[in-house]
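J.: generate a structure from the sequence data that follows.
(one chain, ligands or ions: 1)
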Amino acid sequence: MSQITNEIKKRRTFAIISHPDAGKTTLTEKFLLYGGAINQAGSVKGKATAKHAVSDWMEIEKERGISVTSSVLQFNYDGYCINILDTPGHQDFSEDTYRTLMAADSAVMVIDASKGVEAQTRKLFKVCVMRHIPIFTFINKMDREARDTFELLDDIEKELGIATCPINWPIGCGKEFRGVFDREHQEIELFSDTQKGTKMGDVRKIALAAPEVDNLITEDQKAQLLDEIELLDGASAEFDLDMVSKGELSPVFFGSALTNFGVETFLQHFLAMTSSPLPRMSDQGSIDPMEEKDFSAFVFKIQANMNKAHRDRIAFMRICSGEFEAGMDVFHIQGGKKVRLSQPQQMMASERKMIDKAYAGDVIGIFDPGIFSIGDTLTTSANKFAYEGIPTFAPEHFARVRQVDTMKRKQFIKGINQIAQEGAIQIFQEYNTGMEEIIVGVVGVLQFDVLKYRLENEYNVEIKLENLPYEHIRWIENEEINLDKLVGTSDMKKIKDLKGRPLLLFVNSWSVRMTLERNEGLLLSEFGRS
Ligand code: G4P
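T.: Got it, this is the predicted structure:
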């Protein structure tokens with residue numbers, strides 16, 4: 001095996017999805033702890049301080065103490081080279097969060113055991129399903145009072161429509177949480193004290209049938225475990241790696257990221273079950289990193305002004321085949337010319353550093369003089385293929401934008417277009433009028449503030465945003481439909497994107513359904529083509 005293939009095979013690139021507060025940051029940090037990338041837990045967690053040091057690129061971040069953009073963490077564990085793509089949650093939820101999933105080969109879904117499936121998990125899950133990427137579930141916070149385990153599985157199956165297969169099963173919960181039962185090996189795994197999760201701790205594995213088990217867990221816990229396992233064996237789906245890799249079955253694990261219980265067990269199983277970098281579709285068919293020797297990558301995120309002094313942009317790309325070397329010349333398909341990839345950067349644990357080499361599966365940030373767009377392909381292959389575009393995700397908040405000083409029309413148009421090109425916002429126009437009125441759509445409301453702030457600070461244009469009541473946007477798949485004849489609901493609004501393609505805005509999902517019912521043959525989509 002060549003050295004490059006070896007490097008690629010070691011790679012595991014995944015995103016962690018969850019609703020805010022389910023424990024994504026804590027779990028990520030514990031992965032880093034087990035990977036030896038940090039010595040003591042607690043260093044990533046201080047979100048307001050630690051993250052600042054690395055992504056201190058915009059005043060708004062400082063003001064609010066949050067990170068507006070997502071980053072990538074790389075570390076090694078047990079012979080694997082792991083890339084975790086961070087998907088911002090909280091108020092900074094944006095289209096970038098969705099796009100990050102386009103760069104991942106699998107996803108880890110963290111669920112709070114006391115809450116079950118929550119809103120943001122549901123949204124991100126939809127994108128995973130669209131891509132058919134494997135989803136691994138970690139049911140977290142078992143050290144607190146949890147919902148009934150069967151109910152939690154039921155919730156995932158019903159809410160998300162995916163079959164589940166518990167790989168392990170919790171023994172007790174809350175203060176009585178002792179460990180997990182490994183179904184394949186019929187062993188119980190008990191965890192030692194981890195000093196509130198700051199140290200790794202030991203795992204003790206004992207066969208369930210061994211007599212000493214009776215000294216380690218209470219009689220009630222054992223009886224409950226035996227009952228539940230019996231029920232489970234009769235009720236749950238069989239483990240099937242093929243279904244897992246198609247995203248049809250989610251292996252489920254239980255634990256507590258805070259106390260490290262079940263974290264390493266999860267990591268080990270997950271790494272063994274998930275795959276090395278997957279093939280990606282291009283206009284010349286599927287490109288498999290195990291076969292394609294030449295370098296290729298696609299841009300999935302553009303971040304402006306990371307360095308305030310230079311006002312530059314960084315294009316983040318996912319390498320899909322071959323090896324990257326700093327300063328290499330590659331062909332930029334959409335731009336139609338050769339470019340030199342300079343100043344490559346990568347996030348290692350929580351520091352940004354310059355890199356010399358990277359491989360398929362890795363994500364690198366490249367200095368962008370304003371030539372790249374989201375979805376662009378770069379390659380050294382003579383075949384000059386282009387990867388499939390990244391869809392446009394449905395914004396959920398809309399506002400009409402008005403300039404305060406109408407004399408600054410030119411700067412305004414330039415600014416808003418550039419910011420839209422980076423993918424932080426989407427811009428639309430009224431269906432029947434010209435460019436006079438601009439409607440902005442965002443996935444997370446924080447992007448409105450980012451837009452206002454950046455237009456003022458970078459383009460010297462002051463704007464006013466007037467919120468609109470719409471929450472649902474649909475792209476019209478069959479564009480031959482005559483929009484003038486469309487029978488909509490009273491709250492429906494017709495708009496168009498910058499390419500003139502028609503779209504519909506609705507206040508509620510009921511109106512979307514009614515409009516579909518009233519117009520036979522109408523095809524609406526939640527994802528747009530870029
Ligand atoms: P997020 O990135 O998904 O938003 O969640 P994060 O890891 O920041 O965790 C949210 C809160 O839940 C934190 O508490 C964290 O300590 C706690 N937490 C995470 N995993 C577990 C777990 O397994 N068990 C328990 N009991 N709690 C857990 P916080 O009070 O908001 O922050 P902090 O004061 O602990 O820093």
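J.: tell me the SS of the residue lying farthest from the centre of the chain?
T.: Relative to the C-alpha centroid of the chain, counting by C-alpha atoms, centre = their mean, P211 is the outermost residue, at 44.9 Å. Recorded secondary structure, P211: coil (DSSP: H, G, I helix; E, B strand; the rest coil).
J.: got phi/psi on it?
T.: Torsion angles at P211 (phi, psi; degrees, to the nearest 10) stand at phi -60, psi -30.
J.: what about it, distance to H185?
T.: According to C-beta to C-beta, to the nearest Å, P211 stands 18 Å off from H185. Glycine gets a C-beta too; all of them are placed from N, C-alpha and C.
J.: before we move on, back to that, so what's the residue farthest from the centre of the chain scoring on pLDDT?
T.: We have a pLDDT of 92 for P211.
J.: distance between the host helix or strand of F75 and the chain's centre?
T.: Element membership of F75 [criterion: DSSP states H and E] is strand 72-77. Chain-centre distance of strand 72-77: 16 Å, with C-alpha atoms, centre = their mean, to the nearest Å.
J.: the following helix or strand past that strand close to the ligand?
T.: Counting by DSSP H and E, the next helix or strand C-terminal to strand 72-77 is strand 80-85. No - on the criterion C-beta under 6 Å from any ligand atom, strand 80-85 is out of touch with the ligand, staying 12.3 Å away.
J.: and for strand 80-85, what are the contacting residues?
T.: Contact with strand 80-85 is made by 7, 10-16, 28, 31, 35, 70, 72-76, 100-101, 103-104, 271, 361-363, as judged by C-beta atoms under 8 Å, 6 or more residues apart in numbering.
J.: quick check: pLDDT value at the nearest residue to E151 once chain neighbours are set aside.
T.: Among residues not flanking E151 along the chain, G116 sits closest, at 7.5 Å (C-beta to C-beta, 6 or more residues apart in numbering). What the model reports for G116 is a pLDDT of 95.
J.: pretty sure G116 is in contact with T149, am I right?
T.: No - between G116 and T149 there is no contact under C-beta atoms under 8 Å: 11.1 Å.
J.: would you map the helices across the stretch 351-500 of the chain?
T.: In the stretch 351-500 of the chain, the helices defined using DSSP state H, counting those that start in this stretch lie at 409-422, 446-459.
J.: now do the buried residues in stretch 473-481.
T.: Residues of stretch 473-481 classed as buried: I473, R474, W475, I476 (neighbour count, 16 or more other C-beta atoms under 10 Å).
J.: identify the spatial nearest neighbour of the second one, chain neighbours not counted.
T.: Okay, so that is R474. Spatially, and ignoring its direct neighbours in sequence, R474 is nearest to L524 (3.8 Å; C-beta to C-beta, 6+ apart).
J.: also the last one?
T.: Ranked by C-beta to C-beta, 6+ apart and with sequence neighbours excluded, the top spatial neighbour of I476 is P502, at 5.4 Å.
J.: the one you found: how many residues sit nearby?
T.: 15 (other C-beta atoms under 10 Å).
J.: same thing with K175?
T.: 8.
J.: likewise for the one 3 residues further on?
T.: The local packing of R178 (other C-beta under 10 Å) involves 20 other residues.
J.: equivalent analysis for the one 3 residues further on, please.
T.: For F181, the number of neighbouring residues by other C-beta under 10 Å comes to 23.
J.: can you name the next helix or strand after the helix or strand encompassing it?
T.: Secondary structure from DSSP H and E places F181 in strand 179-182. Sequence order places strand 187-191 as the next helix or strand after strand 179-182, per DSSP H and E.
J.: does the ligand sit close to that following strand?
T.: No - Strand 187-191 stays clear of the ligand (C-beta under 6 Å from any ligand atom), getting no nearer than 12.1 Å.
J.: so which elements touch that strand?
T.: Secondary-structure packing of strand 187-191 (3 or more C-beta pairs under 8 Å, 6 or more residues apart in numbering; DSSP states H and E): strand 179-182, strand 203-207, helix 213-216.
J.: just those: most buried one?
T.: Of the helices and strands packed on strand 187-191, the one with the most neighbours on average (mean count of other C-beta atoms under 10 Å) is strand 179-182, at a mean of 24.
J.: that one near the ligand anywhere?
T.: No - Strand 179-182 stays clear of the ligand (C-beta under 6 Å from any ligand atom), getting no nearer than 13.2 Å.
J.: what of stretch 119-129?
T.: No - in terms of C-beta under 6 Å from any ligand atom, no part of stretch 119-129 sits within range of the ligand; the closest distance is 9.5 Å.
J.: pLDDT of that stretch, averaged?
T.: Stretch 119-129 comes out with an average pLDDT of 87.
J.: how about stretch 147-164?
T.: Stretch 147-164 comes out at a mean pLDDT of 94.
J.: also stretch 301-321?
T.: Rounded mean pLDDT across stretch 301-321 is 74.
J.: low pLDDT regions in this structure?
T.: Low-confidence segments of the chain (pLDDT under 70): 1, 37-71, 88-92, 194-195, 197-198, 305-312, 343-354, 433-436, 529-530.
J.: those residues of it touching the ligand, which are they?
T.: Counting by C-beta under 6 Å from any ligand atom, the chain comes close to the ligand at 18, 20-26, 45, 89, 140-141, 143-144, 256-258.
J.: list the contacts of G415.
T.: The neighbourhood of G415, defined by C-beta under 8 Å, 6+ apart, consists of R454, L455, E458, Y459, V461.
J.: of these, buried ones?
T.: The buried subset of the contacts of G415 - by 16+ other C-beta under 10 Å - is R454, L455, Y459, V461.
J.: just these now: which is nearest the ligand?
T.: Taking C-beta to the nearest ligand atom as the measure, the ligand lies nearest R454 of the buried ones among the contacts of G415, at 25.6 Å.
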